[in-house]
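Novice: Quick one, structure for this:
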Amino acid sequence: MNEFKESIKSALNEYFEGLLKCLNGLTEPELYWQPSLESNHITWLVWHMARVEDRWINSIVGGKETVWDKNNWNEKFGVDQEDYGKGYNKEDISKMPKMEMEKLLNYYNEERVEIFKVIENLNSEDLKNSYPSPSRGKVTGKWILGHVIVEESQHLGQMAYIRGMMRGLNN
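Specialist: Sure thing, here's the model as predicted:
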């Protein structure tokens, strides 16, 4: 079980390192640039990734209050408390308030401390248990952890692609 937990944390750390590399040197206009009006911007992706981790791992698997709620991050950003970006359309993205990246990364780091505590305390039963999913009915703990890793991989790829569209290869 310890090796499993370490592999989950390793994957999450690798994605976070990739996220920081992707953000390195980007200007505010670049953080909000969209390839089309139907596309997410990088800031939205960072916010969504942090919210997904916090919601799925802290709240649903861990049974704890999200860091978003506990520390009133919704008020700091002017975003609805329950919002995490699911089902967004171009109107929703255009209404998203500006978020200072440093503050957003502070939230991301805070929630990561807590999700790592949850992961560290998981047992085999937690992975087998069923948890509510808004779109899938019930899912297992192991499905949730796998889903978070897949989702982060997809969103990090989107961020890298958007960065590449703006700056070119390896820039």
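Novice: From the contact counts, what lies against the longest helix seen in the chain?
Specialist: What stands out as the longest helix in the chain, according to DSSP state H, is helix 141-167. Contact analysis of helix 141-167 by 3 or more C-beta pairs under 8 Å, 6 or more residues apart in numbering; DSSP states H and E lists helix 2-23, helix 28-31, helix 42-53, helix 124-128 as its packing neighbours. (Each C-beta comes from the backbone N, C-alpha and C, glycine too.)
Novice: That helix - what's its average pLDDT?
Specialist: Mean per-residue pLDDT for helix 141-167: 96.
Novice: Out of the helices and strands packed on helix 141-167, the one nearest residue 157 is which?
Specialist: Set against residue 157 and scored by C-beta to C-beta, those come closest in helix 2-23, at 9.2 Å.
Novice: for that closest one, which positions count as buried?
Specialist: For helix 2-23, a neighbour-count test (16 or more other C-beta atoms under 10 Å) marks 8, 11, 12, 15, 16, 18, 19, 22, 23 as buried.
Novice: Excluding chain neighbours, give the residue nearest to the fifth one in space.
Specialist: Okay, so that is residue 16. Nearest non-adjacent residue to residue 16, counting by C-beta to C-beta, 6 or more residues apart in numbering: residue 112, 7.0 Å away.
Novice: residues in contact with the one helix or strand the one you found maps to?
Specialist: Following DSSP states H and E, one finds residue 112 within helix 101-120. By C-beta atoms under 8 Å, 6 or more residues apart in numbering, the surrounding residues in contact with helix 101-120 are 5, 8-9, 12, 16, 23, 28, 31, 43, 46-47, 49-50, 53-54, 57-58, 61-62, 64, 66-68, 71, 73, 76-77, 145.
Novice: separation between residue 20 and residue 90?
Specialist: Plainly put, residue 20 is 28 Å away from residue 90 if you go by C-beta to C-beta, to the nearest Å.
Novice: got any ranges where the protein has weak pLDDT?
Specialist: 80-87 (pLDDT under 70).
Novice: mind redoing it with 80?
Specialist: Counting by pLDDT under 80, the chain shows low-confidence ranges at 80-90, 92-94, 134, 169-171.
Novice: Work out which residue lies at the spatial centre of it.
Specialist: The centroid of the chain falls nearest to residue 49 when counting by C-alpha atoms, centre = their mean (1.4 Å).
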